[in-house]
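# Build me a model:
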Amino acid sequence: MKLKFKTTFTDRLVRQVSYISYDSPARARKFKNDLIKQIKKISKNPYSFRKSVYFEDEKIRELIFKGYCVVFRINESENSLEVFGFTKYQDNPTD
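Presented below is the predicted three-dimensional model:
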């Protein structure tokens, strides 16, 4: 499956990495690289991840990484995964 990163995800990730880099640029780079590695593993078996608590849709799933929630949609018709949410301690992953 092909990975597609929506701007809602990338904008939030950039903000979080920037925030972490104030304390430690090296730790920020490691966080981003480790997260991307985990996201790439989703395509092997996307339905093994838990159903999203934010949406009532079986095709929307979540990857939990160091307390952060990465929300993605399985799009079988396009054989792709749309990564669109990135949140920690928020009610809605796209706000």
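
# Distance check, the residue in the chain sticking out farthest from the centre against Pro46.
Largest separation from the mean C-alpha position in the chain: Asp23, at 22.6 Å (Cα atoms, centre = their mean). To Pro46, Asp23 is 33 Å away according to Cβ to Cβ, to the nearest Å. In short, each C-beta sits where N, CA and C put it, glycine included.

# Geometrically speaking, which residue is the centre of this protein?
Nearest to the chain centroid, counting by Cα atoms, centre = their mean: Val70, 2.7 Å.

# List the residues that contact that residue.
9, 35, 38-39, 62-64, 83, 85-86 (Cβ atoms under 8 Å, 6 or more residues apart in numbering).

# rerun at 6 Å
63, 86 (Cβ atoms under 6 Å, 6 or more residues apart in numbering).

# Just the element for it, please.
For Val70, the host element (DSSP states H and E) is strand 68-75.

# So which bits of that strand are buried?
68-74 (16 or more other Cβ atoms under 10 Å).

# between those, which is closest to Phe55?
Val71 (7.8 Å; Cβ to Cβ).

# Tell me the spacing between that closest one and Phe49.
10 Å.

# With Lys88 instead?
Applying Cβ to Cβ to Lys88 and Phe49 gives a distance of 17 Å.

# Which of these two has more residues huddled nearby?
Phe49 (18 against 12; other Cβ atoms under 10 Å).

# what's the pLDDT at that one?
Phe49 carries a pLDDT value of 94.
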